[in-house]
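> how would this look folded up:
(2 chains)
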2 protein chains.
Amino acid sequence: MKPRFEYTVHATDGMARTGVIKMKRGEIRTPAFMPVGTAGTVKAMMPESVRSTGADILLGNTYHLMLRPTAERIQKLGGLHKFMNWDRPILTDSGGFQVMSLTELRKITEEGVTFQSHLDGSRILLTPERSMEIQRMLDSDIVMAFDECTPFPATEDQARESMELSMRWAQRSRNGFNSGEEHASRTALFGIVQGSVYEDLRFKSIDALTEIGFDGYAVGGLAVGEGQETMFRVLDFTMPRMPKDTPRYLMGVGKPDDIVGAVERGIDMFDCVMPTRSGRTGQGFTRRGAINMKNARHKDDTRPIDASCACPACTQYSRAYVHHLIKAGEILGAMLLTWHNLQFYQDLMANLRDAIAAGKLSEYAASFRAEYASGDIDPL
Amino acid sequence: MKPRFEYTVHATDGMARTGVIKMKRGEIRTPAFMPVGTAGTVKAMMPESVRSTGADILLGNTYHLMLRPTAERIQKLGGLHKFMNWDRPILTDSGGFQVMSLTELRKITEEGVTFQSHLDGSRILLTPERSMEIQRMLDSDIVMAFDECTPFPATEDQARESMELSMRWAQRSRNGFNSGEEHASRTALFGIVQGSVYEDLRFKSIDALTEIGFDGYAVGGLAVGEGQETMFRVLDFTMPRMPKDTPRYLMGVGKPDDIVGAVERGIDMFDCVMPTRSGRTGQGFTRRGAINMKNARHKDDTRPIDASCACPACTQYSRAYVHHLIKAGEILGAMLLTWHNLQFYQDLMANLRDAIAAGKLSEYAASFRAEYASGDIDPL
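Numbers count the residues shown, from 1 in each chain, chains lettered A, B, ... in the order given. The predicted structure is shown next:
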């Protein structure tokens, strides 16, 4: 019988680990990158194409799905997996972050967050209990606790108040999750560490969450404008205190070099819209840095975006063609570049897993950073 | 050795024929529907997906490609086939129709058409000779003569003048095509019959074109607002006078029932943006009429768009999901619905070919029309 949630570390290298999470709907190789399927679709991709890049798990957005087509409808239609034709694990966020970043007139109380829908202006109350209910109706495999993503910058007092609220909500999330017994018996719940840039608050948050008990622990409140240096500094003091026998997830991260640095610091899971969003706006990722496909330098270039990449954009098309599609606003441009970017991210994760298994992560990371920073895409 | 251009009729049924065109780059089963790849891409589709629907040939638009990325650039990059990753036949239009419908400040003289680019406002002269040169640079397999698509309505005098100009341009097109000897030795040139709704003018146009000699003959100047009844009436008197040993192509047609009626009247080839454009705006085609996927009636519908269709949209997704994607403006909605529509059109062509081969075209056409007109999509 497949386990509900079983995390095994296969190898470590410094703070970094590589391993596997086994769940009912499939295995997740870690460190893992989760493509974002905001509204029930990884934008511009067929799910079988997403899988072909090496993705083991997708992320779905509770906020978008609860508004349209609604969690009730998705449940009635057989759950998110069937709806979007993806039978492997799905992690859903709690909706909290996007309520704070995408809506107006929002108001936080002990009870939860009241906000106005960006679609029809209706007033909605999202609470830890309601977030758990929605994620259950979506039939999420990894449910995220409902928290407040502390804004950056925050004073220590603001960060403490926000973190303490999130910790009370974490307990209510745990209770709410547990109350859906059938769903809870075959899925997992992650807690989210807050505390902004304050070591003492991060430690208190870890203690509060481990006291409640979760299947995995996310680091929240980063990638919100603090910059890579600060993010790494927070990880430097936070990660050694995180539980070691459960996965650690850095939410909303990030750029390729953010991911490499965070893996070195012990992170096992990532999600970010960057590869998909960039694919729709003309930016491609390569070993030698990001490449703006709108740039006229590509218009006569018969070479692929990256000759070492196995994605269809690189094996079947020239930079000149992708440039033409992006300039002409053609949907196929978004399709090809998104595919390439997701392939790049998954290849990066595979390389990181291999480097950790071989005990050569620092060599790999150093060479990746040097090559990535070069920005010299011509030898690709 | 593969022939340059060889058309074989396998069976006839009334005026209708089914057969095959053999060319250097592949075979085209007729009656054939050509998906439109305006700017070097069948919008929202990978070329291998277009092929999987049963398409033997694509159409490329000279007007769009000459402006961006330019014919010179495509030639330098190895031709249109390599550029867009489609190794089967491509038919290119002459650019004339789109110059007239998409540009401003255009002026027709004996020499050709002067117009202003919709991209950068530059003034460009398109002549029969230049159109042939551009189509050669694109490495088109079936080159269309440069003509004036007579506007509708037109008086008999206007239609005569316009047709006679097109016939002089047809001779210049033939000369221009022949002058590219290497290209002409492995590709084909089609003439275009004009004459609006006037029987006498259509006959004169056919005589003028057959005197010059072409590999195939298109019927132009239809599907420009005259309505199906008038279009069929023009075909009724035009088709019996068309050469029988060469393919006959009805340009820019059309709706599924237009195609069925035109096949009954002896047409072998079609192109139309309808399946692709509709796919991007939420309209799906089915045996029981067009279906507006934006309509709220689909939001809880677990059934596929059409249970008898083998496309991914129908085998892997519900109407509810496609409705959700279209409402949310998701690219995957355009991808899935375009794929379905192209599959529908190619399935229709396959059914028409089978019906002609079986000598049962009128039965098939009658049953298609009754079912299509029903508009009752619920039993699908």
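> Assign the residue lying closest to A:Ser162 once chain neighbours are set aside to helix, strand or coil.
Computed as CB to CB, 6 or more residues apart in numbering or on different chains, the closest residue to A:Ser162 that is not its neighbour in sequence is A:Thr150, at 4.2 Å. Where you see a C-beta, it was placed from the backbone N, CA and C, and this is true even at glycine. Following DSSP: H, G, I helix; E, B strand; the rest coil, A:Thr150 is assigned to coil.
> so what are the domain limits for chain A?
Taking automatic domain parsing as the reference, chain A has its domains at A:5-272, A:283-372.
> Relative to the whole chain's centre, how far out is the shortest one?
I take that to be domain A:283-372. 19 Å (CA atoms, centre = their mean, to the nearest Å).
> ok so, going back, go ahead and confirm the residue nearest to A:Ser162 touches A:Ser196.
Yes. Using CB atoms under 8 Å, A:Thr150 is in contact with A:Ser196, at 5.0 Å.
> any common contacting residues for those two?
Counting by CB atoms under 8 Å, 6 or more residues apart in numbering or on different chains, the common neighbours of A:Thr150 and A:Ser196 are A:Gln158, A:Ala159, A:Ser162, A:Met163, A:Gly221.
> how many other residues sit next to the second one?
When neighbours are defined as other CB atoms under 10 Å in any protein chain shown, A:Ala159 has 24 of them.
> what's the answer for the last one, then?
Burial of A:Gly221, expressed as a neighbour count using other CB under 10 Å, amounts to 32.
> Phi first, then psi, for it.
Comment: the main-chain dihedrals of A:Gly221 come out as phi 70, psi 10, following degrees, to the nearest 10.
> Return the residues in contact with it.
So A:Gly221 contacts A:Cys149, A:Thr150, A:Phe152, A:Gln194, A:Gly195, A:Ser196 (CB under 8 Å, 6+ apart).
> Point out the residues in chain A that sit beside chain B.
Within chain A, the residues that sit near chain B (CB under 8 Å from any CB of the partner chain) are A:39-41, A:43-46, A:68-69, A:73, A:76-78, A:83-85, A:280, A:299-300, A:302, A:312, A:316-318, A:320-321, A:324-325, A:327-328, A:330-332, A:334-335.
> and if we set it to 6 Å?
Within reach of chain B by CB under 6 Å from any CB of the partner chain, chain A has these residues: A:39, A:41, A:43-44, A:69, A:77, A:83, A:85, A:302, A:316, A:320-321, A:324, A:328, A:330-332.
> Output the longest helix belonging to chain A.
Longest helix of chain A, by residue count under DSSP state H: helix A:331-357.
> which helices and strands does that one pack with?
Counting contacts by 3 or more CB pairs under 6 Å, 6 or more residues apart in numbering or on different chains; DSSP states H and E, helix A:331-357 packs against strand A:5-13, strand A:16-23, strand A:32-35, helix A:274-281, strand A:283-286, helix A:312-316, helix A:319-327.
> Out of these, which is closest to B:Thr12?
helix A:312-316 (40.0 Å; CB to CB).
> So what touches the closest one?
Applying CB atoms under 6 Å, 6 or more residues apart in numbering or on different chains, the contact partners of helix A:312-316 are A:Pro304, A:Ile305, A:Asp306, A:Leu336, A:Trp339, A:His340, B:Asn85.
> can you do 10 Å?
For helix A:312-316, contacts defined as CB atoms under 10 Å, 6 or more residues apart in numbering or on different chains pick out A:49, A:52, A:279, A:284, A:286, A:293, A:303-309, A:319, A:321-322, A:325, A:332-333, A:335-341, A:343-344, A:380, B:46-48, B:82, B:84-85.
> now those: which count as buried?
The neighbour count (16 or more other CB atoms under 10 Å in any protein chain shown) marks A:49, A:52, A:279, A:284, A:286, A:293, A:304-306, A:309, A:319, A:321-322, A:325, A:332-333, A:335-341, A:343-344, A:380, B:46-47, B:82, B:84-85 as buried among the contacts of helix A:312-316.
> if I look at the closest residue to A:Arg4 other than its chain neighbours, how far off is chain B?
Ranked by CB to CB, 6+ apart and with sequence neighbours excluded, the top spatial neighbour of A:Arg4 is A:Arg186, at 5.6 Å. Separation of A:Arg186 from chain B (CB to the nearest CB, to the nearest Å): 23 Å.
> can I assume A:Arg186 is in contact with A:Lys24?
Yes. Look at A:Arg186 against A:Lys24 with CB atoms under 10 Å: they come within range, at 5.0 Å.
> shared neighbours of the two, anything?
Common neighbours of A:Arg186 and A:Lys24 (criterion: CB under 10 Å, 6+ apart): A:Lys2, A:Pro3, A:Arg4, A:Phe5, A:Asp141.
> In PyMOL, how would I select the buried members of those?
Entered in PyMOL, the line below selects the buried ones among the shared contacts of A:Arg186 and A:Lys24, by 16+ other CB under 10 Å:
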select buried, chain A and resi 5+141
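> what would the shared contacts of A:Arg186 and A:Lys24 look like in CSV with pLDDT?
Below are the shared contacts of A:Arg186 and A:Lys24 laid out as CSV (pLDDT from 0 to 100):
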residue, pLDDT
A:Lys2, 96
A:Pro3, 98
A:Arg4, 98
A:Phe5, 98
A:Asp141, 98
